[in-house]
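Peer 1: predicted model follows, preceded by the sequence.
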Amino acid sequence: TNVNAANLAGVIWYMQHEVVITDPPKFGIDRILRYKVKTKAPQRLFEKGMNFGTRFAYDSQKCTGPGNCQYEYNKWGYFVGCNNLGDWPYPKFDVHYPGAVWYSLPADGECSGVPTGSDSCTYSYEPAGQILLSDLLAAAPSIRSDGPDDSDYSRNAAKVAVAQALFDKQAHAQPAELRVESVSGSLVNGSIAEKVDGSAPANGSVPESDGAQEGPALELAEIDLMDAACDFNYGAFYRQ
């Protein structure tokens with residue numbers, strides 16, 4: 001952990017714009033790993049109306065901002081961060097991949113089983129399949145393109161669909177529409193109410209899954225946006 005992650009649309013945008021623009025690919029990435037993730041926000045963050053905090057950038061497992069990462073973690077707990085692509089902090093322009101989301105997963109928030117929402121237990125994860133980058137590029141070579149297709153919503157959606165279809169073919173993968181659980185902090189008659197939401201653990205050092213090939217990987221977990229869209233609120237988070 002101490003990595004960034006994305007849903008599938010976010011991964012394909014990242015692949016197209018940062019990974020496969022060089023040969024060999026950036027960071028030597030050769031596959032995409034999928035994970036099932038459970039997340040629960042620290043209570044003081046949830047009380048501000050958010051299940052996710054700001055999405056920090058992790059470079060070589062070091063948090064590089066924006067701002068002072070440790071200050072915010074001390075203030076809120078080791079939250080899972082998110083941002084909708086097109087919104088702050090980056091990229092702040094239309095990426096033409098509707099629903100694309102990035103996440104940040106601090107190592108000090110990882111725990112096992114169902115996360116409690118304590119400062120040091122905000123998420124857990126387990127492997128849920130993988131695809132090779134070579135297979136993805138063979139099936140969708142336009143991901144390497146740098147032209148008009150990049151801003152075509154329908155063609156970009158087709159690229160995401162190709163990646164999803166490759167996951168579907170993996171015998172060891174979970175169902176195509178992988179729903180990940182997020183335990184919300186809603187209080188109902190004094191008890192915590194559980195809700196099926198979505199969240200995720202994209203580049204960096206990652207744990208190996210059974211049968212994984214050698215080389216760096218890109219991590220992702222599908223998020224059901226109907227249940228758990230990225231709800232980070234800049235004003236509520238920073239303007240106290």
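Peer 2: The structure has been received and is ready for your questions.

Peer 1: make it CA atoms for all contacts and neighbour counts henceforth
Peer 2: Noted.

Peer 1: so which elements touch the helix of greatest length in the chain?
Peer 2: Using DSSP state H, we find that the single longest helix of the chain is helix 153-169. Under the contact definition 3 or more C-alpha pairs under 8 Å, 6 or more residues apart in numbering; DSSP states H and E, helix 153-169 sits against helix 8-14, strand 123-132, helix 133-139.

Peer 1: ok, 10 Å please
Peer 2: Contacting helix 153-169 under the criterion 3 or more C-alpha pairs under 10 Å, 6 or more residues apart in numbering; DSSP states H and E are the following elements: helix 8-14, strand 31-39, strand 123-132, helix 133-139.

Peer 1: quick one: buried residues of the longest one?
Peer 2: Residues of strand 123-132 classed as buried by neighbour count (16 or more other C-alpha atoms under 10 Å): 123-125, 127-132.

Peer 1: do a quick rundown of the helices in this structure.
Peer 2: 8-14, 43-46, 69-76, 133-139, 153-169, 234-238.

Peer 1: now render the ones you listed as TSV, adding distance to residue 102, mean neighbour count and mean pLDDT.
Peer 2: Output for the helices of the chain, formatted as TSV (distance: least, C-alpha to C-alpha, whole Å; neighbours: other C-alpha atoms under 10 Å; pLDDT from 0 to 100):
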stretch	distance to residue 102	mean neighbour count	mean pLDDT
helix 8-14	6	23	94
helix 43-46	19	19	92
helix 69-76	17	14	96
helix 133-139	19	15	96
helix 153-169	15	17	92
helix 234-238	16	12	92
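
Peer 1: which of the ones you listed sits closest to residue 56?
Peer 2: Of all those, it is helix 69-76 that lies closest to residue 56, at 7.2 Å by C-alpha to C-alpha.

Peer 1: out of the helices of the chain, nearest to residue 52?
Peer 2: In this view, the helices of the chain are compared for proximity to residue 52 by C-alpha to C-alpha, and helix 43-46 is the closest at 7.7 Å.

Peer 1: contact partners of that closest one?
Peer 2: By C-alpha atoms under 10 Å, 6 or more residues apart in numbering, the residues outside helix 43-46 that reach it are 40, 49-53, 75-77, 79, 116-119, 184-186, 232, 236-237.
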